[in-house]
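>>> quick one, fold the following:
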Amino acid sequence: MDSVDVYLMEHHQATLPPPKPLFYIQNRGFCGDCLRWWKADRCGYTLNLDQAWKGPQEEAAEICRSRPQEDIAWPVLLIDSVAARHVNNETLKAKLQEEKRSDDQQPIEALARLLGWGEKDVRRTIRASTQSDIRKEFRARLEDVLNLLRERI
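Below you'll find the predicted structure:
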């Protein structure tokens with residue numbers, strides 16, 4: 001980079017105005033201990049700041065002037081400095097259910113691969129073994145196979 005480029009970069013940066021601060025809009029509603037924010041598309045509310053509307057001070061002030069009993073403008077820098085991550089209970093439940101379904105499928109899949117059978121055949125064999133002695137023996141063998149597979153994984 002030559003001295004002209006350096007001069008232009010420094011001069012250009014020096015003449016740029018500082019960025020204007022951005023604001024969130026808080027709706028006065030709460031969800032538990034969490035504040036509720038306008039969504040980025042201005043359609044509904046969110047607890048997630050990553051999905052929240054951010055706008056210039058003038059626009060935020062105009063919004064709050066039109067709904068003073070419902071909305072409050074907060075500087076993004078202030079709110080981001082005190083924000084904490086949280087976990088959505090419904091999202092966690094869904095993830096656990098998904099993992100449980102996946103874990104429930106793994107032993108059958110593993111046994112089918114080990115025996116060279118299809119999963120339907122393994123399930124049919126398990127259901128068909130109705131006599132208690134056969135079922136106990138089959139389950140014991142299945143448990144042994146599953147333990148071996150767990151050790152390998």
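>>> just read off the phi/psi values of the residue nearest to Arg42 when sequence neighbours are not counted.
Excluding its sequence neighbours, the residue lying closest to Arg42 (Cβ to Cβ, 6 or more residues apart in numbering) is Trp53, at 6.0 Å. Glycine gets a C-beta too; all of them are placed from N, C-alpha and C. Here is the backbone geometry of Trp53 (degrees, to the nearest 10): phi -70, psi 140.
>>> wait, doesn't Trp53 sit right on Gln26?
No - Trp53 sits out of contact with Gln26 when judged by Cβ atoms under 8 Å, with a separation of 10.5 Å.
>>> who touches both of the two?
Listed as contacting both Trp53 and Gln26 by Cβ atoms under 8 Å, 6 or more residues apart in numbering are 37-38.
>>> what residues does the helix or strand encompassing Arg150 touch?
Arg150 is located in helix 132-152, with elements delineated by DSSP states H and E. By Cβ under 8 Å, 6+ apart, the residues outside helix 132-152 that reach it are 107, 110-111, 114, 125-126, 129.
>>> tell me where the protein has strands.
22-31, 34-38, 45-46, 55-56, 71-75 (DSSP state E).
>>> before we move on, the earlier item: buried ones in the helix holding Arg150?
Leu142 (16 or more other Cβ atoms under 10 Å).
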